[in-house]
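[1] Take a look and give me a structure for this.
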Amino acid sequence: MKLKKIFHKKSLKKAVALGLAAVTMAGSLAGCGKSDSKDDSTSSGSTSSAGTESGGGNSDRPALTLTVFSERANYSGMQEGWSAKILKDKFNVELNIVPNGEGVFNTRMESGNLGDIIVFGSEGDYMQARDAGLLFDWEEDDTLKDYGPYILENMPYALEKNRSMSDDGKIYGLGYEVATNSNDLQSFFYTWDIRWDLYAQLGYPEVKTLDDLVEVFKQMKEICPKDDNGKPTYAASLWPDWDGDMVMYVKSTATAFYGFDEFGIGLYDPSTGEFHGALDDNSPYLEMLDFYHKLYMNDLLDPDSMTTNYDTMIQKVKSSGTFFSIFNYAGCLAYNTPEHMNSGRMMKSLTPKDASPIVYGLNVLGSNNYWAIGANCEYPEVCMEIINYYCTPEGRMTMEYGPKGVTWDYDEDGNTYFTELGKKTNADNSTVLDVDGFSGTYKDGELQINMITWSLDASNPDSNGETYNSENWKSNQSDALCDVDQDWRDHTGCTTTNEYMLSGNYVVSPGSAYVMPTKSDELKTTWAQVTKCIRENSWKAIYASSDDEYTKIVNGMKAQAKGFGYQECWDWSNEQAKLRKAAEDAASN
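    Reported below is the predicted structural model:
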């Protein structure tokens, strides 16, 4: 198979010949041979440095630097570390990661070039780019067939869903979190993590409501007022850089408590199909907004929450600066290091008895974030090879846990296990990988695209019936990790977080073929004004100095949003909720 450079009808760039010797790719990846090349002086931004190989296992391939525009990325610059080495060895490629930010998507849209590999964190942005002709047709010149064979064979439903989304019947991308079985559930990630060692010291007080949690946090702060660095502790530390139509952490707490999914300008109840607008009287969103204001008034909310970012927040978590997180990734997964567990500290799940957290059903169609390739990409076949690699079992495992044979592998029975080094990197991403030509810390090498292919809870066909989720591997069904873990097991009667979450109340959000449509230009303008009003005033309300000021800010937010067109946004969201419910009902029949 030859490495092709695909020219597009709109391209005015001159072509010059560039000879490439054929080599054989490993695994299911395609080989590469001769190709043409465009004049570097007129390249589209996906600059290729073709010619001499600078290391790795593809000495006859051109060295390429591909631009990856990822709306999900929290990082800007060249991919580094172990992921960079793997990409260099397999493809002779380097990735330049461009994250989204204020106005970045619109600026790149206006330039007519979003990048080479594109990761959309918004279905609306994906469709806008597609409709503007800025996405590559995956079937052009048999690119998907020749360079995405694993995707083509193993993700047919996700591909056909993407085709059905396009008026022209073409495939322009692939949804993420693809499942192998639509009857399976994801593992919970709204896990209500709390410092269990402190909770045990308090005598395991009953936690039924959010008010009960506030009282527990007050007592925790009394017995643990300082973190590892001598700074004040708080119940929670929020961060604004993931805010969307609403304040992310506020709406997510409604999802964690009521099982209502973020949807449009509010929340959607998967059980009934009912839509709850963010600013409706007594809405779940406003209830959670009041909860975080209450934390702030009791000196239990990190005062830097409105101005910090995710990386700063997670460092506070790791320094024992917080007692609580609704998310596992900002709770137990970050906090439960060997050092903390050896010193008798651990975050474990404690779901309020009145809560019914959401759990998402797996979807063979994929979910609503998308992998795509830019229409102006000079080497779409290389981009397809890379995406295809991350869709293979080895690629998905590598994306999640690091290099095969270095941090993880399969035993003689096909069961998945962490190596001794892998146990360390999985527990603490600051662990150094100084083996087999790798260097730097595990964190340095994590794939900064921040996007997955298969769902973590999808079946891994290379294993002995296991999933990609390490929590459920046979090799990890071990004894308690420490005394605190054993205490949690004794108190709950469960051995894993997922077992605990399934033993209580929860709401399933089923997968379906529903796709939220593109808003009209008029609605987009209204939407932007209304959602900006919600975000800015929500933060002001959290930081209100009194209950009276809080009420004044919330009432003002309602009035201001109404003036901007909140009802129009509500009506659109409510209508979409009906369509989503119909699609979910159809999928379950």
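[2] helix, strand or coil for the residue nearest to Asp137 when sequence neighbours are not counted?
    Sequence neighbours aside, Lys170 is the residue nearest to Asp137 in space, at 4.8 Å (criterion: CB to CB, 6 or more residues apart in numbering). Quick note: C-beta positions are derived from backbone N, CA and C, even for glycine. Under DSSP: H, G, I helix; E, B strand; the rest coil, Lys170 falls in the coil class.
[3] Lys170: how many residues sit nearby?
    Look at Lys170: counted by other CB atoms under 10 Å, it has 16 neighbours.
[4] which residues does it contact?
    Lys170 makes contacts with Asp137, Trp138, Glu139, Arg163, as judged by CB atoms under 8 Å, 6 or more residues apart in numbering.
[5] Let's see that with 7 Å instead.
    Lys170 is in contact with Asp137, Glu139, Arg163, counting by CB atoms under 7 Å, 6 or more residues apart in numbering.
[6] Kindly report the same for Gln186.
    By CB under 7 Å, 6+ apart, Gln186 lies in contact with Val359, Tyr360, Leu362, Ser455, Asp457.
[7] Give me the pLDDT for the residue nearest to Asp137.
    Lys170 carries a pLDDT value of 98.
[8] where does this structure have its least confident helix or strand?
    Least confident element among the helices and strands of the chain, by mean pLDDT, DSSP states H and E: strand 15-18 (a mean of 28).
[9] Dump the contacts of Gln186 to CSV, plus distance to Ser509.
    Shown next, in CSV, are the contacts of Gln186 (distance: CB to CB, whole Å):
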residue, distance to Ser509
Val359, 7
Tyr360, 5
Leu362, 11
Ser455, 13
Asp457, 14
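[10] Among those, name the ones in strands.
    In strands, judged by DSSP state E, the following of the contacts of Gln186 are found: Val359, Tyr360.
[11] Turn the contacts of Gln186 into CSV, including pLDDT.
    Below are those laid out as CSV (pLDDT from 0 to 100):
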residue, pLDDT
Val359, 95
Tyr360, 91
Leu362, 91
Ser455, 95
Asp457, 93
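[12] From the contacts of Gln186, pick the one nearest Val515.
    Tyr360 (16.2 Å; CB to CB).
[13] Enumerate every residue touching that closest one.
    So, once contact is read as CB under 7 Å, 6+ apart, Tyr360 ends up touching Gln186, Ser509.
[14] So which residues of the stretch 101-250 of the chain form helices?
    104-111, 123-131, 143-147, 149-154, 156-164, 196-201, 210-223, 248-258 (DSSP state H, counting those that start in this stretch).
[15] likewise the stretch 401-550 of the chain?
    420-427, 442-445, 483-492, 497-502, 521-542, 547-564.
[16] if we can go back for a sec, how about the contacts of Lys170 in CSV, adding distance to Tyr234, pLDDT and neighbour count?
    As requested, those are exported to CSV (distance: CB to CB, whole Å; pLDDT from 0 to 100; neighbours: other CB atoms under 10 Å):
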residue, distance to Tyr234, pLDDT, neighbour count
Asp137, 50, 98, 19
Glu139, 52, 98, 17
Arg163, 48, 96, 15
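[17] picking up where we left off before, let me know which of the helices of the stretch 101-250 of the chain is tucked in deepest.
    helix 248-258 (a mean of 23; mean count of other CB atoms under 10 Å).
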